[in-house]
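> One predicted model, sequence on top.
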Amino acid sequence: DGSARVGDANWRRLREWFDVRALVLDAADRSSHGELVRLAAKEAAAAPGGRVAVVAESMGAVTALGLALARPDRVESLVLCNAATAYGRSPVAGVAALLPRIPKPL
């Protein structure tokens, strides 16, 4: 649902056993897919052993796929939920190229 707080309680519990890293973006973020993949690769490189098990949902799952393709050496496993892989065929995709032209303080 785009809320950064949805996973907070679960992440706290998971941190008892795992090194949990979450990429949470502000709604005003206009990073490209490539920029998000590079950010994910940087976070993966900083993880113990430089490899991660990725759990991702929706557009995050698309970024996770990009990470796995671009840097397979950084991805140990993938769990993808509700991947937005049909995004390119959605009506939103037709206007997505206009997003960088929208002033940041809207």
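Structure received. Numbers count the residues shown, from 1 in each chain.
> ok, so what distance separates the residue nearest the centre of the chain from residue 50?
Centroid-nearest residue in the chain, with C-alpha atoms, centre = their mean: residue 60, separated by 3.4 Å. As for residue 60, its distance to residue 50 is 20 Å (criterion: C-beta to C-beta, to the nearest Å). Every C-beta, even on glycine, is put in place using the N, C-alpha and C of the backbone.
> if you skip the residues just before and after it, what's nearest to the residue nearest to the centre of the chain?
Excluding the flanking residues, the one nearest residue 60 by C-beta to C-beta, 6 or more residues apart in numbering is residue 23, at 7.0 Å.
> tally of neighbours for that neighbour?
Burial of residue 23 is recorded as 15 neighbouring residues (other C-beta atoms under 10 Å).
> Wait, it touches residue 40, no?
Yes. Contact criterion C-beta atoms under 8 Å: residue 23 and residue 40 qualify, at 6.2 Å.
> Identify the contacts common to the two.
Common contacts of residue 23 and residue 40 (C-beta atoms under 8 Å, 6 or more residues apart in numbering): residue 63.
> SS state for the residue nearest to residue 60?
coil (DSSP: H, G, I helix; E, B strand; the rest coil).
> do the same with residue 55
Under three-state DSSP, residue 55 falls in the strand class.
> got the contact list for the residue nearest to it when sequence neighbours are not counted?
What sits nearest to residue 55 in space, not counting adjacent residues and going by C-beta to C-beta, 6+ apart, is residue 79, at 4.5 Å. Contact partners of residue 79, counting by C-beta under 8 Å, 6+ apart, are 53, 54, 55, 56.
> Give the helix, strand or coil label for residue 79.
Once three-state DSSP is applied, residue 79 turns out strand.
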